[in-house]
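A.B. asks: Sequence and predicted structure, then a few things I'm wondering about:
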Amino acid sequence: MTRGAVLCVALQRNMIFFLKNKMIDWNQFPSSKTELFCILDWLSYFCNMIKTIAIIALTLTVGFAQGQEKRKELWNQVSHYRLAGDYQKAITYMDSIIMMGDNVSKNLIYRGSLKQLAGSFQSAIDDFDKALSMDSNLKDGYVKRGIAKLELTKYEAAIEDFDSGIGANRSLDSIAYRYRGHAYAKLGLYGNALNDYNEALKYNARDVELISEKSAIFMTLGDNEKALDLIDLALKIEKDYIESISKNSILLGGSYQNLDRLLTLALEYQNFHPGDAQNNLNIGYIYVKLKQPDNALKNLNNVTGELANSYDLHFNKAMAYFYLLDNQHAIEHFEVAIGKQPDTGLSYVYMADCYKALGNKTKACESLERASSRGILGAQEIFEANCR
């Protein structure tokens, strides 16, 4: 009962006491008696109303607390299944979060991103459409919708979305330039594509996939000298197998997504060069991508020389331990990787999940906050749901 309700009841009781003890001859005051009864009735009604309001307020407070707890649990499930690669389950939990009615536009974008990861591009576009109809200033919605349209070969529409998405922040702009360049290349607008790739490379000059895309364009344009110069540059800095040991696979248009083929080539190379540190790192990376952590560690532990203390080695070791549920070793390697590249946000996301599994909420929240500050999608929402 609120303080107001308590005071009201006390007032009501005092009034009754006054009537019983202070009125000497009640029958002598008929008009006063009627008025006092009216006052008492009104006071009773008023007090009941105050008590009702107090009950409603208490109910709303309890309901809000329960809602916060439910939201927190739902975000935990979304985070868990997303990191585990089970995007459909993550989407199911996002459905429940959206139905709760908070931050609907941003949550629609997040669900759309999960649908993209699951390969449901048109359904993702539907989510982005709804979100942008609610808030047209969500630039990440335009960029993500553009990527989905690109997957569906809607190149002109994708370019329009990328145009709208550029100008938000450094991280998002680099993504928009990259994928708008892909769209231009698909349309044969190679000059525009090269311009966009150059803009994207300003954010990460070591992005070998973009360097290789530029090489492929110059090859298409017949400028083999520039194409080979770019391949040589890629070979010096990339940690993936195609770029590091097989020029032919680049020139023949080898797919970066075909990990099984990539692994076969890398293992064949390993037969002739078992001590090649770069190739062992590449094989470990591929096994991590294939979620075969034991095989990954077997090869990563054979990396020697300068690469043995590189960001790529420690990040991939951390991911291998993550998949093995060895959270303590995963954290140790994530921390080393972050020391090598402090601006990397992805390590913080996985490290937060490790700390959560170890029951260290404080460290988990610190990691999520750092991931959010580095522009990792969904990190802020998960932080808000779990750490506020």
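C.D. replies: Done, it's in. Numbers count the residues shown, from 1 in each chain.
A.B. asks: Quick one: low-confidence residue ranges for the stretch 201-350 of the chain.
C.D. replies: Applying pLDDT under 70 to the stretch 201-350 of the chain picks out residues 235-258, 261.
A.B. asks: one more time with 50
C.D. replies: Applying pLDDT under 50 to the stretch 201-350 of the chain flags residues 239-257.
A.B. asks: can you give me the helices for the stretch 151-300 of the chain?
C.D. replies: Secondary structure of the stretch 151-300 of the chain, counting by DSSP state H, counting those that start in this stretch: helices at 155-165, 170-186, 190-201, 208-220, 224-237, 241-245, 247-251, 259-272, 277-289, 293-300.
A.B. asks: Is it possible to get JSON lines of those helices that adds mean neighbour count?
C.D. replies: (Each C-beta comes from the backbone N, C-alpha and C, glycine too.) Shown next, in JSON lines, are these (neighbours: other C-beta atoms under 10 Å):
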{"stretch": "helix 155-165", "mean neighbour count": "20"}
{"stretch": "helix 170-186", "mean neighbour count": "21"}
{"stretch": "helix 190-201", "mean neighbour count": "18"}
{"stretch": "helix 208-220", "mean neighbour count": "20"}
{"stretch": "helix 224-237", "mean neighbour count": "16"}
{"stretch": "helix 241-245", "mean neighbour count": "23"}
{"stretch": "helix 247-251", "mean neighbour count": "16"}
{"stretch": "helix 259-272", "mean neighbour count": "15"}
{"stretch": "helix 277-289", "mean neighbour count": "23"}
{"stretch": "helix 293-300", "mean neighbour count": "20"}
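A.B. asks: and those as TSV, adding distance to F315?
C.D. replies: Putting the helices of the stretch 151-300 of the chain into TSV (distance: least, C-beta to C-beta, whole Å) gives the following:
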stretch	distance to F315
helix 155-165	28
helix 170-186	18
helix 190-201	21
helix 208-220	16
helix 224-237	16
helix 241-245	16
helix 247-251	24
helix 259-272	17
helix 277-289	9
helix 293-300	10
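A.B. asks: Nearest to N103, out of those?
C.D. replies: N103 lies closest, by C-beta to C-beta, to one member of the helices of the stretch 151-300 of the chain: helix 170-186, at 18.4 Å.
A.B. asks: I would like the residues contacting stretch 187-207, please.
C.D. replies: If you take C-beta atoms under 8 Å, 6 or more residues apart in numbering as the criterion, stretch 187-207 is touched by 155-156, 170-171, 173-174, 177-178, 180-182, 184-185, 210-211, 213-214, 217, 220-221, 237-238.
A.B. asks: Q116: how many residues sit nearby?
C.D. replies: Using other C-beta atoms under 10 Å, Q116 has 21 neighbouring residues.
A.B. asks: Look up the closest residue to it, ignoring the ones flanking it.
C.D. replies: For Q116, ignoring the flanking residues on the chain, the nearest one in space by C-beta to C-beta, 6 or more residues apart in numbering is A124 at 4.6 Å.
A.B. asks: in terms of contact, does F383 touch S367 like I think?
C.D. replies: No. F383 lies out of contact with S367 (C-beta atoms under 8 Å); the separation is 9.3 Å.
A.B. asks: So for these two, which residue has more residues nearby?
C.D. replies: Between F383 and S367, counting by other C-beta under 10 Å, S367 is the more crowded of the two (27 against 22).
A.B. asks: so which helix or strand takes in the more buried one?
C.D. replies: helix 361-373 (DSSP states H and E).
A.B. asks: same deal with K144?
C.D. replies: Counting by DSSP H and E, K144 is found in helix 139-151.
A.B. asks: could you check the angle helix 170-186 makes with that helix?
C.D. replies: The directions of helix 139-151 and helix 170-186 differ by 20 degrees, with axes from the mean of the first three to the mean of the last three C-alpha atoms, to 10 degrees as the criterion.
A.B. asks: how far does helix 139-151 sit from the chain's center?
C.D. replies: Chain-centre distance of helix 139-151: 15 Å, with C-alpha atoms, centre = their mean, to the nearest Å.
A.B. asks: helices or strands next to that helix in the packing?
C.D. replies: Judged by 3 or more C-beta pairs under 8 Å, 6 or more residues apart in numbering; DSSP states H and E, helix 139-151 is in contact with helix 104-117, helix 121-134, helix 155-165, helix 170-186.
A.B. asks: what about the second one, average pLDDT?
C.D. replies: It stands for helix 121-134. Helix 121-134 carries an average pLDDT of 95.
A.B. asks: what about the residue nearest to Q116, distance to S373?
C.D. replies: Going from A124 to S373 by C-beta to C-beta, to the nearest Å gives 26 Å.
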